[in-house]
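> Provided below are the primary sequence and the corresponding predicted coordinates.
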Amino acid sequence: MSGSIVAFALAGTLLVTTAWGLRRRHVTVTASEIAATLPWFAVIGVAVAIGRSVPMSGPAAGFFLSPTVYLVVGGLVSGLWVILDAADIHETSGWTAVSGVLTASVVGGMSLFTAEELQLRVLVWNAAAIVMAIGITRLVLRALQNRQLSTHGWLGRGVLFAHVLDATTTGIGLERLGTIERNPISAAIIQFGDAVGPSGAVLFLFVKITAAMLVLAALDTNSNQLGRESVGLLVIAAGAGLVPAVHNLTLFALTIS
């Protein structure tokens, strides 16, 4: 417990310090830069999965727990913006997105070396979940466009894809890999679906798609010029699906034998 408290305090200090650096340098964070933080939610998903599957102790373990990991990632992104501003680099959004993708890839890839034995069938099912999510997302987006509902460019598509991916990874984990759902709300939806219908996983997918569509519809009033607040809401909505989805993919690879 003490290690977790120390990690939380250090992560909070990092975030406060870098946020102060942004304020001191009068850095204005634009909507595009906020949108570019989306890949960093994948870093959170990978980190939480590592924390649940790799034996660690002391403060180091605390950095991989929620909510501390959110503070760590927030501090890293803020620190990156401070460094880019100090170096007079103007492509902040591009650097933010690329660094998030690279960080998630490197941390996730390195974590796979800690697995005792990677199972090919798990990697195949992970790939199947991603392919299914892409296909379902494309079908839903086509339906949205036919109804004249904006999807807010790549960020809107990211919201939908993230939630669909969460549903497909959850369904495959339950149906094919023998996992259990830890989130109590998600578990309740799945149990209800199993009780009244052919599959709780299908109901969960429907709920996730509906939730994403409601977000897109709610922010559709000024789709051509989304402000920072609207972009921030879209990023948070996408992150709410991306974190558990990436967590599932990583956890399956690290723990299922």
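Looks like it arrived, so ask away. The structure presented is a predicted model; accordingly, all values stated were derived computationally and were not measured.
> so, low pLDDT: which residues of the stretch 51-200 of the chain?
116, 146-151 (pLDDT under 70).
> list the helices and strands whichever strand or helix holds residue 163 packs on?
Using DSSP states H and E, residue 163 sits within helix 153-175. Packed against helix 153-175, as judged by 3 or more Cβ pairs under 8 Å, 6 or more residues apart in numbering; DSSP states H and E, are the following elements: helix 120-146, helix 184-196, helix 200-218, helix 228-255. The way it works is simple: take the backbone N, C-alpha and C, and place the C-beta from them, glycine included.
> these into JSON lines, with extra columns for mean neighbour count?
Shown next, in JSON lines, are the helices and strands packed on helix 153-175 (neighbours: other Cβ atoms under 10 Å):
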{"stretch": "helix 120-146", "mean neighbour count": "15"}
{"stretch": "helix 184-196", "mean neighbour count": "14"}
{"stretch": "helix 200-218", "mean neighbour count": "19"}
{"stretch": "helix 228-255", "mean neighbour count": "22"}
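> right, and those helices - which one's nearest residue 91?
Taking Cβ to Cβ, helix 228-255 is the member of those nearest to residue 91, at 17.8 Å.
> check the offset of the closest one from the chain's centre.
Computed by Cα atoms, centre = their mean, to the nearest Å, the chain-centroid distance of helix 228-255 equals 2 Å.
> wait, which of the helices and strands packed on helix 153-175 is closest to residue 23?
It is, among the helices and strands packed on helix 153-175 and with distance given as Cβ to Cβ, helix 228-255, at 16.0 Å.
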